[in-house]
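Chemist: Quick one, structure for this:
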Amino acid sequence: MSDLHKERVNNNVTSLSKKLLEGWTLLSESCPDPSCNVPLVKNKAHSKVFCVSCEKTYGSVMEALSAATPPPSSPIPRRGGAPSASPPPSPVRFVNAQEDPRLGPFA
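Modeler: Just a heads-up that it's a prediction; the model follows:
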């Protein structure tokens, strides 16, 4: 681990600790920025979600999560719309282990 990385981790831990002591809640969700990936904290008083590393504030957890999700490349067809270009998935077939030649002989 480089010295720069260690310093960044220490700063994040210090900042997270301060927020927790101030009454913020540590969330299970992480910052949507792929280069950040630090756990988000939520302020109980005004429900704002904050990343201590990149210092971005989100209005809610859903807003933070939607920032991480790229928009779809094409709109999803609605009921009765055009069929999708990909074929439907093939049905799953469970095979008795004794019938599958790849698994070898059974006693």
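Chemist: Neighbours of Ser28, how many?
Modeler: When neighbours are defined as other CB atoms under 10 Å, Ser28 has 7 of them. (C-beta placed from N, C-alpha, C; glycine too.)
Chemist: got the contact list for Leu20?
Modeler: By CB atoms under 8 Å, 6 or more residues apart in numbering, the contact set of Leu20 is 26, 41.
Chemist: Could you look up the SS state of it?
Modeler: helix (DSSP: H, G, I helix; E, B strand; the rest coil).
Chemist: so how far is Lys6 from it?
Modeler: Per CB to CB, to the nearest Å, Leu20 is found 21 Å from Lys6.
Chemist: Then Asn12?
Modeler: Distance from Asn12 to Lys6, by CB to CB: 11 Å.
Chemist: now swap in Glu55 and tell me
Modeler: 20 Å.
Chemist: ok but Ala67 is inside a helix, no?
Modeler: Yes: according to three-state DSSP, Ala67 belongs to a helix.
Chemist: hmm, back to that, would you mind telling me which of Asn12 and Lys6 has the busier surroundings?
Modeler: The neighbour count for Asn12 versus Lys6, taken as other CB under 10 Å, is higher for Asn12 (16 against 10).
Chemist: Now the element after the one helix or strand the more buried one maps to, going C-ward?
Modeler: Using DSSP states H and E, Asn12 falls within helix 3-21. Counting by DSSP H and E, the next helix or strand C-terminal to helix 3-21 is strand 25-30.
Chemist: ok, and for that following strand, which residues are buried?
Modeler: 29-30 (16 or more other CB atoms under 10 Å).
Chemist: Next, count neighbours for Leu40.
Modeler: Count around Leu40 with other CB under 10 Å applied: 25.
Chemist: Would you confirm that it belongs to a strand?
Modeler: Yes: Leu40 sits within a strand when classified using three-state DSSP.
Chemist: contacting residues for it?
Modeler: Contacts of Leu40 (CB under 8 Å, 6+ apart): 27, 29-31, 49-51, 58, 61, 64.
Chemist: State the number of residues packed around the residue nearest to Thr25 when sequence neighbours are not counted.
Modeler: Spatial nearest neighbour of Thr25, chain neighbours left out: Lys42 (4.7 Å); criterion: CB to CB, 6 or more residues apart in numbering. A count of nearby residues for Lys42, using other CB under 10 Å, gives 20.
Chemist: All set now, cheers.
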